[in-house]
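S.K.: here is a sequence together with a model predicted from it:
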Amino acid sequence: MEYTRLGATGLEVSRLCLGCMNFGTDQPWMVHDREQARAVIDRALELGINVFDTANVYSQGESEDIVGAALADSDRDRSELVVATKVYGRMHKGPNGEGLSRKHVLEQADASLERLGTDYIDLYQIHRWDDETPIEETLSALDSLVDAGDVRYVGASTMPAWKFMKALSAADVDNHERFVSMQCEYNLVDRHEEANVLPLCADQDIGVLPWSPLAGGFLTDKYERDADPDSGRAATDEFMRKRFTDENWAALEHVRDIADSRDATPAQVALAWLLHKDLVDAPIVGPRTIDHLEDAVGALEIELSSEEIERVEAPITPVWNPDIGDI
């Protein structure tokens, strides 16, 4: 496994992060078997992955429970691990069940710590921007968590660049804890963030942890252009099906060709493309099986030429769409 520093911090992170959204029972395509989920986590540890990303809202806490139990039973020193989770989504009905108010942030941090079975969260991330709460209130709440030793670093996820810059500026002006990382959707066919938050991350030395690095499975070569999917996310997820454009199929064809020429898989080539981006620290892979995980780790061994990178990028022109769907 290769390691790097997260953004401008001294925190060492593996070049791949294990995304744990798939562990739980919220959706039919998730890993409902806890033993299977734990087997994937155990194998990730064996392969040297040290970053585990989840969120309180993933299957309403199930994912955090699974991750916490698996890491507690492992023989890896807690000091080597980076446990990341998120806050924002609705966790109960009625008032104060979601958002980034001081009340919700502090209560959900306590709940996440309990489910994860840990004394501290390494990277606590705001899952979305909250238009109903002043960013200064949220930053103050995050400061409290850092001061109490419950959180080591704070990060953000999925928002327009101007809002993220507003948060960074408020932190600088009022001496609040500064966001050190950004989770954003980024993969070979979903490149809209190149026209949104990624230039800002480069300018501000923000670590980048791309989610959906395989475009929800599109780049794993599991779909065919003329076939109507009857399984997987595309069978029920309209946003997934919106990826089935001529431009995206063209990019995938180039990926397939390069994979064939290198005796690799399309998923490995797609991940290798991301890993060649200097701004990217650790793509968040979400394997449901050990085979999928091991395939993803194989991407670390692939060196793409500049010609190959230009070739796979050619069909797509990045455009920022603030109404784009998200997870």
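M.R.: Arrived safely, thanks for sending. What you are looking at is a predicted structure, and each value in this text was computed from that prediction instead of being measured.

S.K.: what about the stretch 101-250 of the chain, any weak spots by pLDDT?
M.R.: 226-239, 241 (pLDDT under 70).

S.K.: can you give me the strands in it?
M.R.: Ranges of strands within the stretch 101-250 of the chain are 121-126, 151-157, 179-183, 207-208, based on DSSP state E, counting those that start in this stretch.

S.K.: tell me which other helices or strands the third one touches.
M.R.: Meaning strand 179-183. When contacts are defined as 3 or more Cβ pairs under 8 Å, 6 or more residues apart in numbering; DSSP states H and E, strand 179-183 sits against strand 121-126, strand 151-157, helix 161-174, strand 207-208. Placement of C-beta: from N, CA and C, glycine included.

S.K.: if we use 7 Å, what do you get?
M.R.: Secondary-structure packing of strand 179-183 (3 or more Cβ pairs under 7 Å, 6 or more residues apart in numbering; DSSP states H and E): strand 151-157, helix 161-174, strand 207-208.

S.K.: adding mean neighbour count, write the ones you listed out as a markdown table.
M.R.: Compiled in a markdown table, those are given as follows (neighbours: other Cβ atoms under 10 Å):
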| stretch | mean neighbour count |
| --- | --- |
| strand 151-157 | 22 |
| helix 161-174 | 15 |
| strand 207-208 | 24 |
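
S.K.: any chance of those in a markdown table, with distance to residue 11 too?
M.R.: As requested, those are arranged in a markdown table below (distance: least, Cβ to Cβ, whole Å):
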| stretch | distance to residue 11 |
| --- | --- |
| strand 151-157 | 7 |
| helix 161-174 | 18 |
| strand 207-208 | 8 |
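
S.K.: pretty sure residue 304 contacts residue 271?
M.R.: No - between residue 304 and residue 271 there is no contact under Cβ atoms under 7 Å: 10.6 Å.

S.K.: who has more neighbours, these two?
M.R.: Neighbours per residue, other Cβ atoms under 10 Å: of residue 304 and residue 271, the larger number sits with residue 271, 29 against 17.

S.K.: buried ones in whichever helix in the chain runs longest?
M.R.: With secondary structure taken from DSSP state H, the chain has its longest helix at helix 246-262. Of the residues in helix 246-262, those with enough neighbours to count as buried (16 or more other Cβ atoms under 10 Å) are 248, 249, 251, 252, 254, 255, 258, 259, 262.

S.K.: take those and write them to a markdown table, including distance to residue 58.
M.R.: Shown next, in a markdown table, are those (distance: Cβ to Cβ, whole Å):
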| residue | distance to residue 58 |
| --- | --- |
| 248 | 27 |
| 249 | 30 |
| 251 | 29 |
| 252 | 28 |
| 254 | 33 |
| 255 | 28 |
| 258 | 33 |
| 259 | 30 |
| 262 | 34 |
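
S.K.: doesn't residue 4 fall inside a helix?
M.R.: No - according to DSSP: H, G, I helix; E, B strand; the rest coil, residue 4 belongs to no helix; its state is strand.

S.K.: for it, give me its contacts.
M.R.: Applying Cβ atoms under 7 Å, 6 or more residues apart in numbering to residue 4 gives the contacts 13, 15, 281.

S.K.: can you confirm residue 295 is in a helix?
M.R.: Yes - assessed by three-state DSSP, residue 295 belongs to a helix.

S.K.: how about the helices and strands packed on strand 179-183, which one is nearest residue 242?
M.R.: Closest to residue 242 of these is strand 151-157 (Cβ to Cβ; 20.6 Å).

S.K.: what lines up beside the closest one in the sheet?
M.R.: According to DSSP bridges, strand 151-157 forms sheet pairs with strand 121-126 (parallel), strand 179-183 (parallel).

S.K.: coming back round to it: mind checking the helices and strands packed on strand 179-183 for the one nearest to residue 121?
M.R.: strand 151-157 (5.1 Å).

S.K.: dump the closest one to PDB, keeping only the CA atoms.
M.R.: Listed next in PDB are the C-alpha coordinates belonging to strand 151-157 (Å, rounded to 0.1, in the frame of the first residue of the first chain):
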ATOM      1  CA  VAL A 151     -12.400  15.100  16.900                       C
ATOM      2  CA  ARG A 152      -8.900  15.400  15.300                       C
ATOM      3  CA  TYR A 153      -9.600  17.100  11.900                       C
ATOM      4  CA  VAL A 154     -12.700  18.500  10.200                       C
ATOM      5  CA  GLY A 155     -13.700  18.100   6.600                       C
ATOM      6  CA  ALA A 156     -16.500  18.800   4.200                       C
ATOM      7  CA  SER A 157     -18.400  17.100   1.400                       C
END
